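**Q** Provided below for reference: sequence and predicted model.
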Amino acid sequence: MPTIDRMREERVSRNAGFALMEQLVGAALTATSTIVLARLLSAEEYGHLTFGMSVLTIATLFADLGVTTSTERFI
């Protein structure tokens, strides 16, 4: 019968594997969509798209307002 520690180790390993796969799939999809959009759009259109995505990325940094960090700390 497996011990509690052994079961925890297996669960952590499995979750770490899922997290790694999620990161790899996300990176592959991002790279693929970037290449496809760069080929389909003109230089000006692609510039507008990347500028808008940059603005949204920066806005999401401020939108969180530390909620994630405080949640991790206090829970």
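**A** Structure received.

**Q** for the host helix or strand of residue 49, packing partners?
**A** Using DSSP states H and E, residue 49 maps to helix 43-64. Secondary-structure packing of helix 43-64 (3 or more CB pairs under 8 Å, 6 or more residues apart in numbering; DSSP states H and E): helix 4-40. C-beta coordinates here come from the backbone N, C-alpha and C atoms, glycine included.

**Q** if we go to 6 Å?
**A** With contacts defined as 3 or more CB pairs under 6 Å, 6 or more residues apart in numbering; DSSP states H and E, helix 43-64 has no helix or strand neighbours.

**Q** please save the CA atoms from that helix in CSV.
**A** C-alpha atoms of helix 43-64 as CSV (Å, rounded to 0.1, in the frame of the first residue of the first chain):
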residue,chain,number,x,y,z
ALA,A,43,3.1,44.9,-42.7
GLU,A,44,1.0,47.8,-41.5
GLU,A,45,-1.9,45.6,-40.4
TYR,A,46,0.4,43.2,-38.6
GLY,A,47,2.0,46.2,-36.9
HIS,A,48,-1.4,47.4,-35.7
LEU,A,49,-2.2,43.9,-34.4
THR,A,50,1.0,43.6,-32.5
PHE,A,51,0.7,47.1,-31.0
GLY,A,52,-2.8,46.3,-29.8
MET,A,53,-1.7,43.0,-28.3
SER,A,54,1.1,44.8,-26.5
VAL,A,55,-1.2,47.3,-25.1
LEU,A,56,-3.6,44.6,-23.9
THR,A,57,-0.7,42.6,-22.3
ILE,A,58,0.5,45.6,-20.4
ALA,A,59,-3.1,46.4,-19.3
THR,A,60,-3.6,42.9,-17.9
LEU,A,61,-0.5,43.4,-15.7
PHE,A,62,-2.2,46.4,-14.1
ALA,A,63,-5.7,44.8,-14.1
ASP,A,64,-4.6,42.1,-11.7
